[in-house]
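Asks: I would like to see how this sequence folds:
(one chain, ligands or ions: 1)
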Amino acid sequence: MTTYLLRDVSPLGEARTDLLLADGVVAAIGTGLEAPADAVEIDGAGLVALPGLVDLHTHLREPGREDAETIATGTRAAALGGFTAVHAMANTTPTQDTAGVVEQVWHLGRRAGWVDVFPVGAVTVGLEGERLAELGAMAESAARVRVFSDDGKCVHDPVVMRRALEYVKAFDGVVAQHAQEPRLTEGSQMHEGVVSAELGLAGWPAVAEEAIVARDVLLAEHVGSRLHVCHLSTAGSVEIVRWAKSRGIDVTAEVTPHHLILTDELARGYDPLFKVNPPLRTQRDVEAVREGLADGTIDIVATDHAPHPREDKDCEWAAAAFGMTGLETALSVVQETMVETGRMTWADVARVLSSAPARIGRVDGQHGRPIAVGEPANLTLVDPAARRVVRPQGQATKSENSPFGGRELPGRVVATFLRGRATVLDGAPVDEEVQR
Ligand SMILES: NC(=O)N[C@@H](CC(=O)O)C(=O)O
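Replies: Numbering: from 1, shown residues only. You can find the predicted model right below:
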């Protein structure tokens, strides 16, 4: 295994130092480190070193929709985005609702080798919302599932949700809820507000999210369990989570990069690239989720990377699929919206994109660790001074439904290391190292 000496990097954006990566761990830290004879040196001047990013919410589409993404293409995209671990959502075909399917996903992730893939288990059989899936069997499988979600669909029956919250306590699991009241969102196409009224598109009101978030924090309190709110998108949801945390309720929440920067105004062009679930909201909501992320009400940023092939997006708005890609742009959006606005430091970025998601997913033995001697060498090096124009056709994800095409974003992932092995160097994937 190659030994790497990273010269003059800034861990968490702080004072420059050298990092020696050997035998899968951070072997030494200090200025002017002696390079072992076989070490590959990387000039890290100007680069910020972060713990490898951890995504709690990725759609890898395999099994079933390999035309949109495969575990190999999605995890390669993840490595290029600076990730060393992703949680793969359960809405595959077949659904990830049995030990067999989650083990298959886990094995395919290992074989691909780009990042650690942690399968999310479905809460209910077939995401139907009726009967609990084999939560215990998935938890005890080789995949060691700890995060359960019907994402794409809401666990709307309060009794089923209550049982799921109770059940996962036995193995310290968490239910990650897609908060969407189904009756309030029948046929919904975009955020319900001024723009939907003008465009004549059926609205997805903020209250449909907030009603479920409010119900679920109360259920989590009632049964003393852990709840995670997926892709929180409204100012009201931020308020509810803030209130719940102040009461000591064990709730965590995520926001997506796109909800940190885009608004429903983008629907005016009827371009389905901007059609996503939950929908893009208003500028007021964008401000509220930024504030919630900065003050810790929202714990993490998760991509909700939702690749779709061209035929599912290149059509009229109402017929198009919901979803946007995000693995290769997430860090840049966080840099632009949170770091460059002075709301967060790089240490905060490491928290919301690495240590906190690792902890919520209970993979914090390996991921989201401090950059310290003896810790697994899961690292990403970022050049914050770089700028680039996003070209969806040039990305590693198999799908081109990025909402950021043609947009200039700051920051570039220069290198990613998974247990000391380079998956990305000079901003390019290192296929040979990964295949070794
Ligand atoms: N986020 C999305 O817009 N789409 C997700 C599922 C979902 O959450 O609706 C997908 O799997 O495509």
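Asks: mind checking the SS state of Leu184?
Replies: Recorded secondary structure, Leu184: helix (DSSP: H, G, I helix; E, B strand; the rest coil).
Asks: distance of the closest residue to it other than its chain neighbours from His156?
Replies: In space, Leu184 comes closest to Ala208 once its chain neighbours are excluded; the distance is 3.8 Å by Cβ to Cβ, 6 or more residues apart in numbering. All C-beta atoms are positioned from the backbone trio N, CA, C, and that covers glycine. Between Ala208 and His156 the computed distance is 10 Å (Cβ to Cβ, to the nearest Å).
Asks: list the residues that contact the spatially most central residue of the chain.
Replies: Geometric centre of the chain, nearest residue: Ala302, 2.8 Å, by Cα atoms, centre = their mean. Under the criterion of Cβ atoms under 8 Å, 6 or more residues apart in numbering, the contact list for Ala302 reads 55-57, 230-231, 254-256, 357.
Asks: residue of the stretch 1-150 of the chain closest to the ligand, please.
Replies: His59 (4.5 Å; Cβ to the nearest ligand atom).
Asks: how many neighbouring residues does that residue have?
Replies: 28 (other Cβ atoms under 10 Å).
Asks: I figured it hits Phe322, correct?
Replies: No - look at His59 against Phe322 with Cβ atoms under 8 Å: they stay out of range, at 10.9 Å.
Asks: buried set for stretch 224-239?
Replies: 225-239 (16 or more other Cβ atoms under 10 Å).
Asks: can that stretch be said to contact the ligand?
Replies: No - on the criterion Cβ under 6 Å from any ligand atom, stretch 224-239 is out of touch with the ligand, staying 6.8 Å away.
Asks: start and end of that stretch, how far apart?
Replies: The first residue of stretch 224-239 is 21 Å away from its last residue (Cα to Cα, to the nearest Å).
Asks: what mean pLDDT does the helix ranked longest in the chain get?
Replies: As assigned by DSSP state H, the longest helix anywhere in the chain is helix 206-223. In this model, helix 206-223 carries a mean pLDDT of 99.
Asks: picking that back up, report the two of the buried residues of stretch 224-239 separated the most.
Replies: Ser225 and Ala235 (26.1 Å; Cβ to Cβ).
Asks: so what sits against both of Ala208 and His156?
Replies: 180-181.
Asks: those two: who's more crowded?
Replies: A count of neighbours by other Cβ under 10 Å puts Ala208 above the other of Ala208 and His156, at 22 against 18.
Asks: what's the separation between the residue nearest to Leu184 and Thr263?
Replies: 18 Å.
Asks: what of Leu353?
Replies: Distance from Leu353 to Thr263, by Cβ to Cβ: 22 Å.
Asks: cool, Met190 as well?
Replies: 11 Å.
Asks: ok, the two, which is more surrounded?
Replies: Ranked by neighbour count (other Cβ under 10 Å), Met190 and Thr263 place Met190 first, with 23 against 20.
Asks: is it true that the more buried one touches Leu201?
Replies: Yes - using Cβ under 8 Å, Met190 makes contact with Leu201 at a distance of 5.1 Å.
Asks: which residues do these two both contact?
Replies: Ala267.
Asks: ok, back up a step: which residues do His59 and Phe322 both contact?
Replies: Ala306.
Asks: how about the residues of the protein that lie near the ligand?
Replies: Going by Cβ under 6 Å from any ligand atom, the residues of the chain near the ligand are 59, 91, 151-152, 178, 276-277, 304, 306, 322-323.
Asks: switch the cut-off to 8 Å
Replies: 59, 89, 91, 151-153, 178, 230-231, 275-278, 304, 306-308, 321-324 (Cβ under 8 Å from any ligand atom).
Asks: so which of those residues are in helices?
Replies: Reading helices off these, I find no matches (DSSP H).
Asks: just the C-alphas of the longest helix of the chain, formatted as PDB.
Replies: C-alpha atoms of helix 206-223 as PDB (Å, rounded to 0.1, in the frame of the first residue of the first chain):
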ATOM      1  CA  ALA A 206     -45.000  23.700   3.900                       C
ATOM      2  CA  VAL A 207     -47.600  22.400   6.400                       C
ATOM      3  CA  ALA A 208     -47.500  18.900   4.800                       C
ATOM      4  CA  GLU A 209     -43.900  18.600   5.900                       C
ATOM      5  CA  GLU A 210     -44.300  20.400   9.200                       C
ATOM      6  CA  ALA A 211     -47.300  18.400  10.300                       C
ATOM      7  CA  ILE A 212     -45.300  15.200  10.000                       C
ATOM      8  CA  VAL A 213     -42.200  16.600  11.700                       C
ATOM      9  CA  ALA A 214     -44.300  17.800  14.600                       C
ATOM     10  CA  ARG A 215     -46.100  14.500  15.000                       C
ATOM     11  CA  ASP A 216     -42.900  12.500  14.800                       C
ATOM     12  CA  VAL A 217     -40.900  14.500  17.300                       C
ATOM     13  CA  LEU A 218     -43.800  13.900  19.700                       C
ATOM     14  CA  LEU A 219     -43.900  10.200  18.900                       C
ATOM     15  CA  ALA A 220     -40.100  10.000  19.400                       C
ATOM     16  CA  GLU A 221     -40.500  11.700  22.800                       C
ATOM     17  CA  HIS A 222     -43.400   9.400  23.700                       C
ATOM     18  CA  VAL A 223     -41.500   6.200  23.100                       C
END
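Asks: in that helix, which residues are buried?
Replies: 206, 208-221, 223.
Asks: and the nearest residue in space to Val229 that is not next to it in sequence, what helix or strand is that in?
Replies: Leaving aside its chain neighbours, Val229 sits nearest to Ala253 (4.1 Å; criterion: Cβ to Cβ, 6+ apart). Element membership for Ala253 (DSSP states H and E) is strand 251-255.
Asks: got the angle for that strand vs helix 206-223?
Replies: Angle of strand 251-255 versus helix 206-223, following axes from the mean of the first three to the mean of the last three Cα atoms, to 10 degrees, is 150 degrees.
Asks: looking only at pLDDT, what's the mean for strand 251-255?
Replies: So the average pLDDT for strand 251-255 ends up being 99.
Asks: ok, residues contacting stretch 30-37?
Replies: Residues contacting stretch 30-37 (Cβ under 8 Å, 6+ apart): 3, 5, 16-18, 20, 22, 41.
Asks: which of the residues you listed has the largest number of neighbours?
Replies: Leu20 (22 neighbours).
Asks: before we move on, what SS does that one have?
Replies: Under three-state DSSP, Leu20 comes out as strand.
Asks: hey, where'd the strands end up in the stretch 151-300 of the chain?
Replies: 174-177, 190-191, 203-204, 227-229, 251-255, 300-301 (DSSP state E, counting those that start in this stretch).
Asks: helix or strand for Arg412, which one?
Replies: strand 408-418.
Asks: okay, now the sheet partners of that strand, with direction.
Replies: Sheet pairing here is set by DSSP bridges, and for strand 408-418 it gives strand 379-389 (antiparallel), strand 421-425 (antiparallel).
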